[in-house]
Every structure is written in C-alpha cells, then in structure tokens.
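> return a 3D structure for these sequence lines:
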Amino acid sequence: MRFLIDTVTFIQALQCPERISARALSAIQDDEAVREFSALSITEIAIRNGKGKLNLRREAIVAGLADLRMQALPWNARHAFRLFDLPQHHADPFDRQIFTQALAENNSIVTRDEKFRLYEGVSR
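The predicted structure is shown next:
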C-alpha cells in the first residue's frame, strides 16, 4: 500500500507524535507500506518558515524523512491537471494540491483534516 502523508501529520510525527491517531501512526510505521511526502509539503513548510509561522528547518525535514523512511513525491503536470476537476471543498491550495496528487497516484492520505472526507476517490 502507498500512503501520502500530509503536512500537518508529518510535522506532528516529528514534533509531537502523541497527537497522531493510532490509525495514522500504524500507517506511518507500516514497514510494508510505501510512505510518501509531497514536495508541495516541503514548499509549504518553507513558506511558513519564511513567514515566521513555523520553525522547522531543512535539516529537520531531511532527517525526518530518513527517520520515518519516507520518500519525497515530486509534483508534476499530471497532478496539476487534476485540479481542474476538483470541487472547491477545501480553501487551502496546498491541501487541494496534495489531494489531487494522491488521487493521480492512487495513494491513500494520512491526514486528520476532516475536509478531505468531502472528496471522493482517495481513502483516508
């Protein structure tokens, strides 16, 4: 199984894993699963760092990806074109992009964001 880990879940896995649900933690720790982290999430973290809303440095992300045995999933045009058909359930552009990326890759999403339930085609 393939999982796309959303930005907030990744940050919590690094900084406060006790806040992650047992189900999400099980997915993150599943040795047989392919755990992916979107390049978009790295961009989101960098932007939030630049605005002073987050303090998670590049080195911590690289180390976190290695520790959690996650691979970065690049964003591409195939993912972007899926946005044309996506309903406007979510206002956050990063979350919308992460959802379409999971949809295009046939991934499940590990997230606690309830708005993802409004979309069809991707399991949480």
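> what about the residue lying farthest from the centre of the chain, which helix or strand?
Going by C-alpha atoms, centre = their mean, the residue of the chain most distant from its centre is residue 52, 20.8 Å out. Assigned by DSSP states H and E, residue 52 belongs to neither a helix nor a strand.
> quick one, phi/psi of it?
Main-chain torsions, residue 52, degrees, to the nearest 10: phi 80, psi 10.
> repeat for residue 96
Backbone torsions for residue 96, taken as degrees, to the nearest 10, come to phi -60, psi -40.
> these two touch, right, it and residue 90?
Yes. Contact criterion C-beta atoms under 8 Å: residue 96 and residue 90 qualify, at 5.3 Å. Where C-beta positions appear, they are placed from N, C-alpha and C, glycine not excepted.
> quick one: average pLDDT of stretch 93-104?
Mean pLDDT, computed over stretch 93-104, is 89.
> and the pLDDT at residue 76?
pLDDT recorded at residue 76 is 96.
> what number of residues lie near it?
11 (other C-beta atoms under 10 Å).
> begin at 484, not 1, for the rest of this chat.
Understood, numbering begins at 484; the last thing we discussed is residue 559.
> the strands in this structure, which residues?
Under the criterion DSSP state E, the chain carries strands at the ranges 485-488, 517-521, 553-556, 591-593.
> centre of the chain versus stretch 493-512, how much separation?
Relative to the centre of its chain, stretch 493-512 is centred 12 Å away, using C-alpha atoms, centre = their mean, to the nearest Å.
> next: stretch 565-582.
In terms of C-alpha atoms, centre = their mean, the centre of stretch 565-582 is set 13 Å apart from its chain centre.
> cool, and stretch 529-537?
For stretch 529-537, the distance to the chain centre is 17 Å (C-alpha atoms, centre = their mean).
> and it, which residues are buried?
By 16 or more other C-beta atoms under 10 Å, the buried positions in stretch 529-537 come out as 531, 537.
> and it, average pLDDT?
Rounded mean pLDDT across stretch 529-537 is 96.
> all set now, cheers.
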